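# whatever this is, show me its structure:
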Amino acid sequence: MTTSHTLSKKHPGHLLLLRGLDAVARGDRARAGQLFDSTMSWAIERGDNDLWDRAFCNRCGIDIENGRHIEGLAELREIVLRSRNLENGFLASYNAARAYDLRGDQDRALFYLNIAKDRCGRLARHDWLAWAHNQAGNLYLTKSKIEDACLEYQTAQALLPTEARAQKAQVRDNLGYCRMLQGRTAEGFSLVYKGLRELRRLKLVREQIPLHLSLCFGYLEVDRPARALQHGLRGLELAEAHTDVESIKNAHYLVGETYNQLGQDLEAFNTFQALQERYFPDTPHIPQLLMAIDTRSLVNLKA
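Numbers count the residues shown, from 1 in each chain. Model (predicted):
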């Protein structure tokens, strides 16, 4: 997550940071990262600690969005402890939570996420608080606490302002996926399709990837593999186009399972083999194993 701050817009370092945030909004993460790096250099030269903290947190947010294990966890923890700036403290704790989640340490992630909730609560930033609740939902899903995840997503949905259309679409997808896991598939489909229509209206393409995978999963749940395949292949196509590594992996699991249920054994095997070669090169027997099980049990799309 990246976000703006309250320094004067006439401040040259602030202008660099704002340009980085604009690049994030356009989906140009590479350019955003460069601008945040430049902001950090500018802040070091002038001894502006608050600006460096803000740029560093936003830079970490870019790396996390790209699925990278960041090296700056120690710095994020330090900002949480020392910064009197509530906005910086929120960003540091929120990104620390996401970084620990990437490392598979959900307990520490929840610890820092609770700090983030406290900081943005004191700031009265309902939009930030909503995003913290959304991330908490993802963490609870990782721990298979589906009821807790649903409550977090419902809270996030209620807190988000009407104009946060893309964010609402993502939360609807998360909640819809949970409903599918609960067997409430009609409600799940309604939520995910509503989110997908919104993203299409906004012409946001990359953001549609997880929704297509949710629909693929949902149609497998209701024994409609032909429809599942349409969404699975679309999700895989978009994930490949945007180098979304985790979504590519999940799409291979789901598409392979879909082919398997359709009785298209060769296509299923080839899909699982592509998964094995890309992600598990030292385990050549994986395609045969996946052909014999329901791979939906191996996928958690929101964790």
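
# residue nearest the centroid of this structure?
Residue closest to the average C-alpha location in the chain (CA atoms, centre = their mean): residue 65, at 6.8 Å.

# what does the model give it for pLDDT?
For residue 65, the model assigns a pLDDT of 80.

# how close does residue 301 get to residue 58?
26 Å (CB to CB, to the nearest Å). Any C-beta I mention is one placed from the backbone N, CA and C, and that applies to glycine too.

# buried residues, stretch 75-92. List them.
Buried residues in stretch 75-92, counted by 16 or more other CB atoms under 10 Å: 75, 76, 79, 80, 83, 85, 87, 88, 89, 90, 91, 92.

# and which of the residues you listed is nearest to residue 256?
residue 76 (37.2 Å; CB to CB).

# ok, the closest one to residue 198 distance?
32 Å.

# over to residue 154?
Taken as CB to CB, the span from residue 154 to residue 198 is 18 Å.

# and the helices in the stretch 101-250 of the chain, which stretches?
Per DSSP state H, counting those that start in this stretch, the stretch 101-250 of the chain carries helices over the ranges 106-123, 126-142, 146-159, 165-181, 185-201, 209-221, 225-241, 245-261.

# ok, back up a step: in TSV: the buried residues of stretch 75-92, plus secondary structure, distance to residue 12 and pLDDT.
As requested, the buried residues of stretch 75-92 are exported to TSV (DSSP: H, G, I helix; E, B strand; the rest coil; distance: CB to CB, whole Å; pLDDT from 0 to 100):
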residue	secondary structure	distance to residue 12	pLDDT
75	helix	23	93
76	helix	25	94
79	helix	22	95
80	helix	27	94
83	coil	22	90
85	coil	19	92
87	helix	20	92
88	helix	19	94
89	helix	24	93
90	helix	25	94
91	helix	21	94
92	helix	24	95
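
# coming back round to it: more neighbours: residue 154 and residue 198, which one.
Between residue 154 and residue 198, counting by other CB atoms under 10 Å, residue 198 is the more crowded of the two (18 against 15).

# count the residues that sit near the residue lying closest to residue 52 once chain neighbours are set aside.
Excluding the flanking residues, the one nearest residue 52 by CB to CB, 6 or more residues apart in numbering is residue 43, at 3.8 Å. Burial of residue 43 is recorded as 21 neighbouring residues (other CB under 10 Å).

# okay, domains of the protein per the record?
As given by automatic domain parsing, the domain ranges for the chain are 1-123, 205-303.

# any chance of these in TSV with distance to residue 175 as columns?
Below are the domains of the chain laid out as TSV (distance: least, CB to CB, whole Å):
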stretch	distance to residue 175
domain 1-123	18
domain 205-303	10
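
# which one of those domains has the lowest average pLDDT?
domain 1-123 (a mean of 86).

# tell me the two of the buried residues of stretch 75-92 that are most distant?
Longest span within those, CB to CB: 75 and 87, 16.5 Å.

# that older thread, residues in contact with the residue nearest to residue 52?
By CB atoms under 8 Å, 6 or more residues apart in numbering, the residues touching residue 43 are 13, 49, 51, 52, 55.

# ChimeraX command to pick out the buried ones of these?
In ChimeraX, this line selects whichever of these come out buried by 16+ other CB under 10 Å:
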select :13,51,52,55
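
# just the contacts of residue 43 now: which is nearest residue 227?
Nearest to residue 227 among the contacts of residue 43 is residue 55, at 45.0 Å by CB to CB.

# wait, the closest one sits on residue 44?
No. Contact criterion CB atoms under 8 Å: residue 55 and residue 44 do not qualify, at 9.9 Å.

# check the burial of the residue nearest to residue 88 when sequence neighbours are not counted by counting its neighbours.
Nearest residue to residue 88, sequence neighbours excluded (CB to CB, 6+ apart): residue 53, at 4.4 Å. As a burial measure, residue 53 scores 25 neighbours (other CB under 10 Å).
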